[in-house]
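Asks: Turn this into a model:
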Amino acid sequence: MLGERIRKLRKQKKLTLEALAGTGLTKGMLSLIENNKANPSMESLTHIAGQLGVELAELLGEVSSEELRSVLEKGEKIHNTPLAVLPDKSMQLIELIAPFIDKLTQGFESARLMEIYSYALQREKKPDWQKYLKRAADIFDQMNISSNRTAIGIFLSNISFHQHDYRKALEIFLIERKEIETNHAYIEPMARLDLDYHEAILLFAVGEYEAAVEAMENALAFSKEKRIFYLIDDLYRLAAAHAWMDKNKRKMDYYLKKLKQYGEFADDSISIYFYRLFQIIELISEKKEYSKALDKAESFLSDPERMKDYDTWFNLEKAKALYYLGRYEEALQTIEKVGSINNHHPIDLTNHYIKDTFKALILAELGRHEEAITAAETAVENLAPMPDSQLKRFSLEALVKIRGDRVL
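Replies: Predicted coordinates for the structure are as follows:
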């Protein structure tokens, strides 16, 4: 209790009742406070805290701002460490923040710690994460900190997105966006870009292409207007991928050119790799220059300094090129190297699921028809929830063809 904390601190400081009371309190009143027989005013508490040389928050049993900043600094370091480097980071965050969670009241440090704590609880499938995240969101609203409030809205939407329930993800996002725009008179430019970008992603995911393109182009225009290059590469990649799936070569070429220029300007490897990958995709799907595509894919895969996260995509294109060149055994060996992906967007998933269609076509050419049918059925099943696209139609046509060939 309060009186016991005051007595304990007084004895730690080796102060008598008279010394602690000073000129601001009587010795008798201080004795009553220490024995919890009198409730001190805020003025008296401030005086006692000053005499003890502690912050009022510490006297009241709350966490000092200095201690909160220290915990937040440790929490941010863990939170920003990649999962591959720190697999148990969610549990580490829970253990770090849990002792303080009920003492977090107001201020940025409290809200941010509750935000990080909620994310960790949700990822570990533990209860009460919604309660703490709501409290964090309310504080960010009160403080008009739109960047963190936007991050919370996107996080809530992404739970359904990662479960591939794209329609629900969009519904949650639109509710969150409306709340943010209602409660924040000013939205930071990067938060606004986050909102536009994620809205475009979700609209593409549910097949609302016209609205998605509008949201994406709004984001690009805003980015150029404010001269903010945050997310510009992601927007160019999204635009190029959609244009390719929509068979709009003019737009695809335009956005790929922009992406290449950005990659060279910012020395951004991911943008350059994406540009190189789409060069190969175009060589295979449009120009039918399979040998040239194969050379480019092998050039990337033989580079010891490459980003190996892209191996899956380049191996897939290499396997396609080998298939069209009639080198079926090599194509099968290569397509077996196509690993899993961590992406959850339908555009990425569609391009990845098509691997089973090509595996089926390769197996059919090798006379392994039962395996070919199984692979083709897997592709069609995986692609079923995805929005309509040329790749989805190609997959279904391949299954019909392989089944027909088997009957013959």
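Asks: before we move on, which element is L399 in?
Replies: helix 390-407 (DSSP states H and E).
Asks: Equivalent analysis for A240, please.
Replies: For A240, the element it lies in under DSSP H and E is helix 232-245.
Asks: Just the CA coordinates for that helix, please, in PDB.
Replies: C-alpha atoms of helix 232-245 as PDB (Å, rounded to 0.1, in the frame of the first residue of the first chain):
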ATOM      1  CA  ILE A 232       7.500   3.300 -54.100                       C
ATOM      2  CA  ASP A 233       9.300   0.100 -55.100                       C
ATOM      3  CA  ASP A 234       6.500  -2.100 -53.700                       C
ATOM      4  CA  LEU A 235       4.000  -0.100 -55.600                       C
ATOM      5  CA  TYR A 236       5.900  -0.400 -58.900                       C
ATOM      6  CA  ARG A 237       6.300  -4.200 -58.400                       C
ATOM      7  CA  LEU A 238       2.600  -4.500 -57.600                       C
ATOM      8  CA  ALA A 239       1.600  -2.400 -60.600                       C
ATOM      9  CA  ALA A 240       4.000  -4.400 -63.000                       C
ATOM     10  CA  ALA A 241       2.700  -7.800 -61.700                       C
ATOM     11  CA  HIS A 242      -0.900  -6.800 -62.100                       C
ATOM     12  CA  ALA A 243      -0.300  -5.400 -65.600                       C
ATOM     13  CA  TRP A 244       1.400  -8.700 -66.600                       C
ATOM     14  CA  MET A 245      -1.500 -10.800 -65.300                       C
END
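Asks: Going forward, the N-terminal residue is numbered 46.
Replies: Let's use 46 as the start, then, which means that last one is helix 277-290.
Asks: who does it touch, helix- and strand-wise?
Replies: Where contact means 3 or more CB pairs under 8 Å, 6 or more residues apart in numbering; DSSP states H and E, helix 277-290 is packed against helix 234-250, helix 254-271, helix 294-311, helix 314-330, helix 391-410. C-beta: built from backbone N, CA, C; applies to glycine.
Asks: Now mean neighbour count too, for those, in TSV please.
Replies: Putting these into TSV (neighbours: other CB atoms under 10 Å) gives the following:
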stretch	mean neighbour count
helix 234-250	23
helix 254-271	16
helix 294-311	16
helix 314-330	19
helix 391-410	22
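Asks: C-terminal to the lowest-mean-pLDDT helix or strand in the chain, what's the next element?
Replies: Sorting the helices and strands of the chain by mean pLDDT, DSSP states H and E puts helix 101-104 at the bottom, at a mean of 69. Downstream of helix 101-104, the next assigned helix or strand under DSSP H and E is helix 110-124.
Asks: just the CA coordinates of that next one, formatted as CSV?
Replies: Coordinates of the C-alpha atoms in helix 110-124 are reproduced here as CSV (Å, rounded to 0.1, in the frame of the first residue of the first chain):
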residue,chain,number,x,y,z
SER,A,110,9.3,7.0,-17.4
GLU,A,111,13.0,6.2,-17.3
GLU,A,112,12.3,2.5,-16.6
LEU,A,113,9.6,2.4,-19.3
ARG,A,114,12.0,3.9,-21.9
SER,A,115,14.6,1.3,-21.0
VAL,A,116,12.1,-1.6,-21.4
LEU,A,117,10.8,-0.1,-24.6
GLU,A,118,14.4,0.1,-26.0
LYS,A,119,14.9,-3.6,-25.3
GLY,A,120,11.5,-4.5,-26.6
GLU,A,121,12.1,-2.6,-29.9
LYS,A,122,15.4,-4.4,-30.4
ILE,A,123,13.7,-7.8,-30.0
HIS,A,124,10.6,-6.8,-32.0
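Asks: what comes into contact with that helix?
Replies: The contact list for helix 110-124, computed with CB atoms under 8 Å, 6 or more residues apart in numbering, reads 100, 102, 108, 131, 134, 137-138, 141-142, 145, 149, 152, 154-155, 157-158, 161, 164.
Asks: dump the residue contacts of H287.
Replies: Per CB under 8 Å, 6+ apart, neighbours of H287: 249, 254, 257-258, 261, 392.
Asks: go again using 10 Å as the cut-off
Replies: By CB atoms under 10 Å, 6 or more residues apart in numbering, the contact list for H287 reads 245, 249, 254, 257-258, 261, 293, 296-297, 300, 392, 434.
Asks: now T357
Replies: 382-386, 397, 400 are the contacts of T357 under CB under 10 Å, 6+ apart.
Asks: Tell me, how many residues neighbour N189?
Replies: N189: 13 surrounding residues under other CB atoms under 10 Å.
Asks: Much appreciated, bye for now.
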